[in-house]
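Asker: mind folding the following:
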Amino acid sequence: MDSNRRAIANVRPRSGPHSSNAADWPLDALSGAKGDTTVSVVLPARDEQDTVGDIVTVIRRDLVERWPLVDEIVVVDSRSTDATAERAVRAGARVVAQDQVLSHLPPMSGKGEALWKGLAASRGDIVVFVDADLRSFGTHYVSGLLGPLLVDTGIQFVKATYERPYVGADGTVQPGGGGRVTELVARPLLNLFWPELAGFAQPLGGEYAARRDVLERVPFVTEYGVEFGLLVDLLGLVGLDAMAQVDLGRRTHRHQSTAALGRMAGQIMLTAWSRLERQGRVVASGRPAHTLLQFAPDGQADLVDVAVAERPPLATLVTEVPVNAGP
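Answerer: Numbers count the residues shown, from 1 in each chain. Model prediction:
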């Protein structure tokens, strides 16, 4: 058995004790365990007017008013052109404009940028990230992620796992058909180079939570490589024994086009390359290309840039954090 197979074999029993189900974390038990710990829920949102208000409403109703588990809900408006900000405010969130957080820094783009700005704008000891395009959201998406962090001081990071169906344009459902970039790109890369992380079933999923002091000590890739980068960097920072995953059931959301997924795959590959290089595991005479030539069904070619940038660990910034508190 080669070294990768031995490492994967060791992952399963090690990750088992830190795997659980959302139902294992009832709200009354978490409320008693919360104590003085403060919790922020951060939603990065770009043109998500159809879903963001419903998500915020559920969190506020069930986890702020009925059960005092969440102390603030922050929506990071990532340059939306629709009514995302207005609907989030109306539902009870504090909305911050992405470019107004740490506005003295040159602006960047991408999901990772919105997450990093959300971390900077929020205040909780624990930060829960939730995608704003979910169509299957329930209270357990937040409480399930909070559970291990509130009851076990040794846990630093919790990742969600779920069944991800693919819902076609005609409404047909293919169970387990979602997460195409995970299966084709992220999972093979993790098994090849970071087999300790192979036990995470949804490495690119957008729902996860961590202690603030840990999140502030790692960089954030600004594009869609952010989740991949966080997993690898947190493994190096806190170790596998401080990482957990919780099964949230089923996740449905808005699917992206194949071309968009191709661009996402390129960003994840570049993120993986940067980590391998940083860890001294690859030595190259030149940098990998960051352009991707894509072809439309009619054969039309389009050259796109899939380069990724990084924001530094937030703890390295010593300036005050100017934010737009919203209405």
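Asker: now the helices for the stretch 101-250 of the chain?
Answerer: For the stretch 101-250 of the chain, the helices defined by DSSP state H, counting those that start in this stretch cover 111-121, 140-151, 180-181, 187-193, 212-215, 226-238.
Asker: pipe those into CSV and attach mean neighbour count per row.
Answerer: All C-beta spots, glycine's among them, are computed from the backbone N, C-alpha and C. Formatted as CSV, the entries for these read as follows, by neighbours: other C-beta atoms under 10 Å:
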stretch, mean neighbour count
helix 111-121, 26
helix 140-151, 25
helix 180-181, 18
helix 187-193, 17
helix 212-215, 18
helix 226-238, 22
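Asker: indicate which one of those helices is closest to Val283.
Answerer: Val283 lies closest, by C-beta to C-beta, to one member of those: helix 187-193, at 14.6 Å.
Asker: what does the closest one contact?
Answerer: 4, 8, 197-198, 200, 203, 228, 231, 268-269, 272, 276, 281 (C-beta atoms under 8 Å, 6 or more residues apart in numbering).
Asker: can I get the buried part of those as one ChimeraX selection?
Answerer: Per 16 or more other C-beta atoms under 10 Å, the buried members of the contacts of helix 187-193 correspond to this ChimeraX selection:
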select :8,197,198,200,203,228,231,268,269,272,276
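Asker: of the contacts of helix 187-193, which is the nearest to Ala244?
Answerer: When the contacts of helix 187-193 are ranked by distance to Ala244 (C-beta to C-beta), Phe200 comes first, at 9.8 Å.
Asker: and the gap between that closest one and Trp25?
Answerer: Phe200 sits 19 Å away from Trp25, taking C-beta to C-beta, to the nearest Å as the criterion.
Asker: which two among the contacts of helix 187-193 are spaced furthest apart?
Answerer: Ile8 and Met269 (21.1 Å).
Asker: count of residues packed around Trp25?
Answerer: Residues lying near Trp25 (other C-beta atoms under 10 Å) number 21.
Asker: residue contacts, it?
Answerer: 143-144, 146-148, 151, 246.
Asker: what's the answer for Ser78, then?
Answerer: Ser78 touches 44-46, 98, 111, 113-114, counting by C-beta under 8 Å, 6+ apart.
Asker: could you work out the most separated pair of the residues you listed?
Answerer: Greatest spatial distance in those: Ala45 and Glu113, 12.8 Å, computed using C-beta to C-beta.
Asker: which residues in the stretch 51-200 of the chain form strands?
Answerer: Secondary structure of the stretch 51-200 of the chain by DSSP state E, counting those that start in this stretch: the strands cover 72-77, 94-97, 126-129, 157-163, 166-167, 173-174.
Asker: minimum distance to Gly239: which of those strands has it?
Answerer: Closest approach to Gly239 among the strands of the stretch 51-200 of the chain is made by strand 157-163 (10.2 Å; C-beta to C-beta).
Asker: now do that closest one against helix 140-151, angle only.
Answerer: Strand 157-163 and helix 140-151 are oriented at 150 degrees to each other (axes from the mean of the first three to the mean of the last three C-alpha atoms, to 10 degrees).
Asker: give me the low-pLDDT residue ranges for the chain?
Answerer: Low-confidence segments of the chain (pLDDT under 70): 1-17, 166-171, 173-178, 253-255, 318-327.
Asker: at the geometric centre of it, which residue sits there?
Answerer: Note on the chain: the residue nearest the mean C-alpha position is Gly206, at 3.5 Å, using C-alpha atoms, centre = their mean.
Asker: right, and that one touches Phe129 too?
Answerer: Yes. At 6.6 Å, Gly206 and Phe129 qualify as touching, with contact defined as C-beta atoms under 8 Å.
Asker: any chance of the helices of the stretch 101-250 of the chain in JSON lines, plus distance to Trp67?
Answerer: Formatted as JSON lines, the helices of the stretch 101-250 of the chain follow (distance: least, C-beta to C-beta, whole Å):
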{"stretch": "helix 111-121", "distance to Trp67": "23"}
{"stretch": "helix 140-151", "distance to Trp67": "8"}
{"stretch": "helix 180-181", "distance to Trp67": "35"}
{"stretch": "helix 187-193", "distance to Trp67": "35"}
{"stretch": "helix 212-215", "distance to Trp67": "21"}
{"stretch": "helix 226-238", "distance to Trp67": "28"}
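Asker: any idea which of these gets closest to Leu69?
Answerer: helix 140-151 (6.6 Å).
Asker: fine by me, thanks again.
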